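K.L.:
My questions concern the predicted model and sequence given below.
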Amino acid sequence: RKEVEQDPGPFNVPEGATVAFNCTYSNSASQSFFWYRQDCRKEPKLLMSVYSSGNEDGRFTAQLNRASQYISLLIRDSKLSDSATYLCVVENTGGFKTIFGAGTRLFVKA
Amino acid sequence: DTAVSQTPKYLVTQMGNDKSIKCEQNLGHDTMYWYKQDSKKFLKIMFSYNNKELIINETVPNRFSPKSPDKAHLNLHINSLELGDSAVYFCASSQAPTGGSEKLFFGSGTQLSVL
């Protein structure tokens, strides 16, 4: 079993749609959780951290369920510029080992 | 100023050659990493260094030898290159992890093609 698993997609949605991505992780001792975004042929960049209580940043909402070892990302009112690969990220080993999921590809169409 | 810079951006070479990729960060971070992203776009950690000391080596073949002359630099030397080494290699840095709230800053990647 992979340490971090994501729905690979691709997700093809129209502008304005709401889309949700899911992620599960295998190590119950994992300490920190993030969503990164990677544009084609570019480096990954932090989108948002994920907190146990859930957190929101504009149109983006992240949720964490430690009991189920499950992380989610909700994007509301999708924009064309949201088209990218979204990477679920889990941090172990005191933060020195950051593990990336394989990513979920999102295409937002006009 | 670029926070994490790595060179070269593209590297095309023959099987069996030895090559190096350089990485420098000007963020004052204590921890640096090398990641490999293969053709399936899976980003996998290779090494992490904290204050020049190796912390994580993810069962990478010993043909790969990272070197950290100081905490701002982490170079990657690869001996006897193989076809399977073709990938994009990303350098990254973060402040000393204290339980995981520090984000990673990535370089723009080095696309290595082994012919």
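P.N.:
Received it, and whenever you're ready, just let me know what you need. Numbering: from 1, shown residues only, chains lettered A, B, ... in the order given.
K.L.:
Pull out the buried residues from the least confident helix or strand in chain B by mean pLDDT.
P.N.:
Every helix and strand in chain B was compared by mean pLDDT, DSSP states H and E; the lowest is strand B:53-57, with a mean of 85. The neighbour-count check on strand B:53-57 (16 or more other C-beta atoms under 10 Å in any protein chain shown) flags B:I55, B:I56 as buried. Glycine gets a C-beta too; all of them are placed from N, C-alpha and C.
K.L.:
Just give me how far it sits from the chain centre.
P.N.:
Distance, stretch centre to chain centre, for strand B:53-57: 12 Å (C-alpha atoms, centre = their mean, to the nearest Å).
K.L.:
partners of the longest strand seen in chain A, with directions?
P.N.:
As assigned by DSSP state E, the longest strand anywhere in chain A is strand A:84-92. Using DSSP bridges, the strands paired with strand A:84-92 are strand A:32-38 (antiparallel), strand A:97-100 (antiparallel), strand A:104-109 (antiparallel).
K.L.:
Lowest mean pLDDT across the ones you listed, which one is that?
P.N.:
Averaged per stretch, pLDDT over the strands paired with strand A:84-92 is lowest on strand A:97-100, reaching a mean of 85.
K.L.:
can you list contacts of it?
P.N.:
A:3-4, A:25, A:36, A:44, A:87-92, B:33, B:35, B:42-45, B:48, B:56, B:58, B:104 (C-beta atoms under 8 Å, 6 or more residues apart in numbering or on different chains).
K.L.:
Just the buried ones from these, in PyMOL syntax?
P.N.:
Typed into PyMOL, the line below selects the buried ones among the contacts of strand A:97-100, using 16+ other C-beta under 10 Å:
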select buried, (chain A and resi 4+25+36+44+87+88+89+90+91+92) or (chain B and resi 33+35+43+45+48+56+104)
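K.L.:
I'd like the secondary structure assignment at A:K42, please.
P.N.:
At A:K42, secondary structure determined by DSSP: H, G, I helix; E, B strand; the rest coil is coil.
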